[in-house]
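Visitor: Quick one, structure for this:
(chains A and B)
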2 protein chains.
Amino acid sequence: MAEAATAIEKALNEFRELDRKIIRYQEAAAVVGWDLRTGAPRKGQAGRSEVLGMLGAEAFQLATSPRMGELLEQLEEKEAQEALGEIDRKLVSVTRRSYDRSVKIPPKLYEEYVVLASQSESAWEQARKDNDFPAFQGYLERVIGYTNQFIDLWGAKGTRYDTLLDDYEPDMTVLELDEIFTSLRGQLVPLAAAIAASPNRPDRAFLEGLFDKEKQKEFSRYMLGQLGYDFEGGRIDESAHPFQTTFNLGDVRITTRYLPEDVTSALFGTIHEAGHALYEQNIAPALAGTSLCRGTSMGIHESQSRFWENIIGRSRPFWQRYFPDLQSRFPERLGAVDAEAFYRSQNAVQPSLIRIEADELTYNLHIIIRYEIEKLIFNEGAKAADLPAIWNDKYREYLGITPPSDADGVMQDVHWSAGLFGYFPSYSLGNIYSAQLADAMARDLPDMEALVAKGELAPIRGWLTEQVHRHGRLRTPKEIILGATGQPLDSSHLVKYLKDKYTDIYTL
Amino acid sequence: MAEAATAIEKALNEFRELDRKIIRYQEAAAVVGWDLRTGAPRKGQAGRSEVLGMLGAEAFQLATSPRMGELLEQLEEKEAQEALGEIDRKLVSVTRRSYDRSVKIPPKLYEEYVVLASQSESAWEQARKDNDFPAFQGYLERVIGYTNQFIDLWGAKGTRYDTLLDDYEPDMTVLELDEIFTSLRGQLVPLAAAIAASPNRPDRAFLEGLFDKEKQKEFSRYMLGQLGYDFEGGRIDESAHPFQTTFNLGDVRITTRYLPEDVTSALFGTIHEAGHALYEQNIAPALAGTSLCRGTSMGIHESQSRFWENIIGRSRPFWQRYFPDLQSRFPERLGAVDAEAFYRSQNAVQPSLIRIEADELTYNLHIIIRYEIEKLIFNEGAKAADLPAIWNDKYREYLGITPPSDADGVMQDVHWSAGLFGYFPSYSLGNIYSAQLADAMARDLPDMEALVAKGELAPIRGWLTEQVHRHGRLRTPKEIILGATGQPLDSSHLVKYLKDKYTDIYTL
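Guide: Now for the predicted structure:
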C-alpha cells in the first residue's frame, strides 16, 4: 500500500514537472510571439520564426512523448485516481484529451501540413489583394484535404465536423449547434429586417473627423483601470491587430490599435481584449503554472470579451457614466453631444459585408454563414471551387447583400487559409454565453444597471470571477454555464437582449 | 575516401544543427530577458525567471552533451580539418573551448553555485542598502570558494587568475595585463593630479536644471540615425540600466534611461550602447545563425562602445557639428552657450568614488584597483573580510579619496556578488583598444576630425566594420588588434590621447 502510494506520488511529481516544462515552453513562445507582433524590427523576423518553430516543436515533443503516455496510464489507474486531488485529476484528464489527439497525427504528416498552412496563408493574402480566388483555391482544397485526413486519424465523433468543433469548444456538437443557430437565425433575420425598415436611425454624423491618438490612448488606459485590469500583472501595447496573450498568471497582456478617424474603435478593442485579460488574470492561483491555468474554451473566452465590450460597453448606463469622461477629453468635438445620442451612435445596426466590422446583431449572421459552409465542406463534401457561390448565396439570403468581390466575400477571413475550421462558431457562442451569463448575473445583482451607471464595476467582475474566471479549465464550458446560470446553453437570452435593446433604440 | 567525406559531411551537418539549436535557445532567452528588463509587469517576473532558467539549462545541456563531444572529436581529426572551410573550422575550435570549460564542472556543483550566486546578489543588494558589509561577507567568501573550485577543475593556465581572465578576454594573461596596467597607472595618476591642480576648469553651471525628457528622447534617436544604427534591424527602449542585446543578426536592440536633470546622460548612454550595437549589426552575414555571430570578446566589444561614446562623442569636432542640433532643442537652456563651452563641460575630470560615474581618465584607475584586488583574492589568497580595507587603501593611493562607507566603496558594483571575477579588466581594455584603433584609423582616414566635424560618420563606421565588426568571432582579440593596427596591444595610444586632450582642455 505504502509502496503503491509512493509510486503514485513519484509518477504524479514527474507528470506535474513535465506539464510545467511544457508550460514554460509555451510561455517562452508567447513572449517571442508577443514581441514579433508589437514592434520587432523587420529584419529579425525570419530568424525569430525559427525560434518559435523550435519552441513549439520541443513542447509538442514533450506533450506527445512515450513517457507522457506511460505517466497518463499510471495516473489513470483506479488507485491513482482515488489518491489524486481534484486539480491533478483534472490535469490528467485534459492532458489525456490533447495527448490522444496529438499522438494520432504522424509527425511527418503534421510537418507537411504546417508548411502547407503557412504557404496557404501567404497565398490567401496575395489572392485577397488581387481578388483572385482561383489563385487561392488549390491551397484551400489541399488544406481541406489534410483536415479530412486528420478527421480520419482522430476518428469522427458524431458527424465529421463534430471532430473539428470539439477542438475549440469541448463537448459541443453539430446537433446542438444546429438547433441553436437555426433558432437564432430564425429570430435575427426578421429583427435585422425590421431595424432596416425603421426610420428612427441613430445619428452618427458627429463621429466624422479625427480624434487625437494620445487622448484616445489615455482614455483607453483609464477605462482599463475602471474595468479592474491589473497593471501590475500585465501591460498594454500597440499592434496591427489587437490581441490578448498570457505569459503566466502574473503577466496577462493586451494590445490595441488606435484609429484617429474612429473615436471608439480602440476603446471597444481595448475593452474586448480586457475582457479576455480579466478572465486570465483572475484564474485561481492554485492552478498557476499548470495547463489548467487558462480559459476553458474559445467560446467561454469570447463570452468574457463580448460581455464587457457589448453588454456593458455598448449599454446605456455605461455611457451615462462614461460619456462625460470621454467628452471632457474631446470638448471641441463632443461638447454638443449628450450621453443618449452617443449611446445610440454606438449601436447602429447595418447589414454589411465584413464580419469584423459588423454590429452586435448581424455579426451572428456572419458566423452562422461560416458554420453552415464548414458543415457543407466536411459533412457534405463541398469543394473549395464551390465556396464563392455558396458564400454569395447565403449573404444574399441572410443579410440581403451580395459581395461585389471574393476579396470582400469568401476570402475576407484568414481562418480557412490557415486550416482553422471549427473556430468560427466560438464567436457566436461567446455572444450567446454572454447574454445568458448577464441574465443570471441580473438575478444575483438586481441593481446591475445602477452599478454600471455609477461606474461600480467591481461586483460585476467579481461575479464573473466567481462563476467563470477562477475555475480555469477545472470546469468544461457546459459545467461553467450550468453552474453559473442553472441552465444548459440557451440562445433565447441573446435574442431577448438584442430585441429589447434594438426595439428601444429603433422604436420598433 | 568518398565514404569518409560523407561521414565528415554528416558530422558537420549535425554539428551545425546542434550549434543552431543552441543559438535558438539563446535567442529565446535573450527575448525573454529583454522583456523582463523593459517593462514586464512585476507580478509575472518570478514565473518568467523559471522560463529563463529552463532555456539556459536546455542550451547548456545541448552544449555539453556527449554527442557534442563526439562530433567535436570527429571534426577535429586531420582529414576533417582539411575538408572544413574557415568558418566551420573556427566554429569547431570556439565550441571546443567552451565545451572543455563547461564539461569540467559537475552539473550538481554548478547548480549549487547558480543558487548561491543568486542569493549572494540579493544579499549584496540588501547589504549595500544597509551599508553592512559583514552581512554580505559570508556570501562573498562562498562565491570566492566556488570560483576557486572551478579554477581547480578547469586547471590553472599561468596564475590562477589567468584562468578567470581567459573567460572574458581569450588569450589575455596576467603577465601582459600587469605590464599594461602598471604603465597606465604610472602615467594616469600624475596626469589626474596635474588636472586637479589646474585652475582652468570647464564650466558646468549651465548644465544645472531640467531638460525635457521627450526632447532628449528625440535627440537620442536622431543621434542613432547619425551613427548609422539600423532601425530596421533593431529598436530602442527604456530600462533602469541601459544595455545592448542581440536576438539575431537582424534584431540588435539597445535601451537607455532618460534623466531630466542631465542633458547628456541618456545621450552618451545611447551612443555607448549604439557602439555595441553597430558591432553586432555589422557582423558578416555568412556568420548569421552560428555561435561565431557575436563580438569576439568583452574587451573588443567595449572598445566599440567606448570609441563612439568617448573618442567620437566627447570630441571637439563632434560638438562643433552637433551642438547646434542640441541647442535648437533646448534654446531656452543652451541658447547662450557655444560649442566649445559645451565640449569642455562634457570633459571635466574629477576623481570620484563611483566607477560608473567616473570620467574617461579616472575610470581606468577604478578598473586597475579592481584588477589588483581580484589578483590578490585568487593569486594571493586575500579573504573577503580583508577587502574593505584593501579597497579603501587603494582608493586613497590612486584617486586620493577615501570612501566614506563600504556601500560607496567595496560594495558599489554587483559583479563580485554574482561571481563575475575577471570581468572588470575588459572595461579598461576597451579604452586601450579604442585609442589604439583610433590611432590606426587616423592613418587610413587622415581627415577623420574633419569628417566628424561635418557629421560624415559613415567612413569611420565603415573602417570599424572592415577591421573589427565583420569578423565576429572568426578572429581573436589579439588577431583583431594586430590586423587593424599592425601592432600588438599598446596602452601608449590611450595615454597619448588622454594627455593631448586634457592638456588642451586644462591648459596643463
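
Visitor: From now on I want contacts and neighbour counts done on CA atoms only, so please keep to that.
Guide: OK.

Visitor: The most centrally placed residue in chain A is in what secondary structure piece?
Guide: Central residue of chain A (CA atoms, centre = their mean): A:Glu302, 4.0 Å from the mean position. Assessed by DSSP states H and E, A:Glu302 sits inside helix A:298-306.

Visitor: which residues are in contact with that helix?
Guide: A:168-169, A:271-276, A:279, A:295, A:423, A:425-434, A:477 (CA atoms under 8 Å, 6 or more residues apart in numbering or on different chains).

Visitor: what does stretch A:324-331 give?
Guide: If you take CA under 8 Å, 6+ apart as the criterion, stretch A:324-331 is touched by A:211, A:215, A:219, A:333-335, A:339.

Visitor: which of those residues sit farthest apart?
Guide: The most widely separated members of those, counting by CA to CA, are A:Lys215 and A:Ala339 (19.0 Å).

Visitor: higher neighbour count, those two?
Guide: A:Ala339 (20 against 15; other CA atoms under 10 Å in any protein chain shown).

Visitor: Quick check: phi and psi at that one.
Guide: Dihedral angles of A:Ala339 (phi, psi; degrees, to the nearest 10) stand at phi -60, psi -40.

Visitor: OK, contacts around it?
Guide: Residues in contact with A:Ala339 (CA under 8 Å, 6+ apart) are A:319-320, A:323-324.

Visitor: With A:Tyr168 instead?
Guide: By CA under 8 Å, 6+ apart, the residues touching A:Tyr168 are A:297-299, A:422-423, A:426.

Visitor: Quick check, A:Phe416 in contact with A:Leu140.
Guide: Let me fix one detail, which is that residue A:416 is Trp and not Phe. Yes. Using CA atoms under 8 Å, A:Trp416 is in contact with A:Leu140, at 7.3 Å.

Visitor: Which one's more surrounded, those two?
Guide: A:Leu140 (26 against 23).

Visitor: got the buried residues for the strand or helix carrying that one?
Guide: Following DSSP H and E, one finds A:Leu140 within helix A:133-154. Buried residues in helix A:133-154, counting neighbours by 16 or more other CA atoms under 10 Å in any protein chain shown, are found at A:133, A:136-137, A:139-144, A:146-148, A:150-151, A:154.

Visitor: same question, stretch A:41-53
Guide: A:41, A:43-45, A:47-48, A:51-52.

Visitor: Is A:Ala288 in contact with A:Gly250, as I believe?
Guide: No. Counting by CA under 8 Å, A:Ala288 does not reach A:Gly250; the two are 9.0 Å apart.

Visitor: Give me the more crowded residue out of those two.
Guide: A:Gly250 (26 against 17).

Visitor: picking that back up, can you list the buried residues of stretch A:41-53 in TSV and add pLDDT and distance to chain B?
Guide: Formatted as TSV, the buried residues of stretch A:41-53 follow (pLDDT from 0 to 100; distance: CA to the nearest CA, whole Å):
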residue	pLDDT	distance to chain B
A:Pro41	94	5
A:Lys43	94	5
A:Gly44	91	4
A:Gln45	87	8
A:Gly47	84	7
A:Arg48	86	8
A:Val51	93	5
A:Leu52	90	8
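
Visitor: Can you tell me which of those end up in helices?
Guide: Counted as lying in helices by DSSP state H, out of these, are A:45, A:47-48, A:51-52.

Visitor: Make CSV from those and add distance to B:Lys21 to it.
Guide: Listed next are those as CSV, based on distance: CA to CA, whole Å:
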residue, distance to B:Lys21
A:Gln45, 17
A:Gly47, 12
A:Arg48, 12
A:Val51, 9
A:Leu52, 12
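
Visitor: quick check, nearest of those to A:Glu76?
Guide: Ranked by distance to A:Glu76 (CA to CA), those are led by A:Leu52 at 32.6 Å.

Visitor: Name the helix or strand for the nearest residue to that closest one once chain neighbours are set aside, please.
Guide: Nearest in space to A:Leu52, with sequence neighbours left out and distances taken as CA to CA, 6 or more residues apart in numbering or on different chains, is A:Ala29 at 5.8 Å. A:Ala29 belongs to helix A:2-37 when assigned by DSSP H and E.

Visitor: so that helix versus helix B:2-37, what angle?
Guide: 80 degrees (axes from the mean of the first three to the mean of the last three CA atoms, to 10 degrees).

Visitor: Buried residues of helix A:2-37, list them for me.
Guide: For helix A:2-37, by 16+ other CA under 10 Å, it's A:8-9, A:11-12, A:15-16, A:18-37.

Visitor: can you check stretch A:163-172 too?
Guide: Quick answer for stretch A:163-172 (16+ other CA under 10 Å): A:163-170, A:172.

Visitor: What separates the first and last residues of it, distance-wise?
Guide: Distance across stretch A:163-172, first residue to last, is 10 Å (CA to CA, to the nearest Å).

Visitor: Any residues of chain A in contact with chain B? List them.
Guide: By CA under 8 Å from any CA of the partner chain, the part of chain A that sits against chain B consists of A:21, A:24-25, A:27-29, A:31-32, A:35, A:40-45, A:47-48, A:50-51, A:54, A:231-235, A:247-251.
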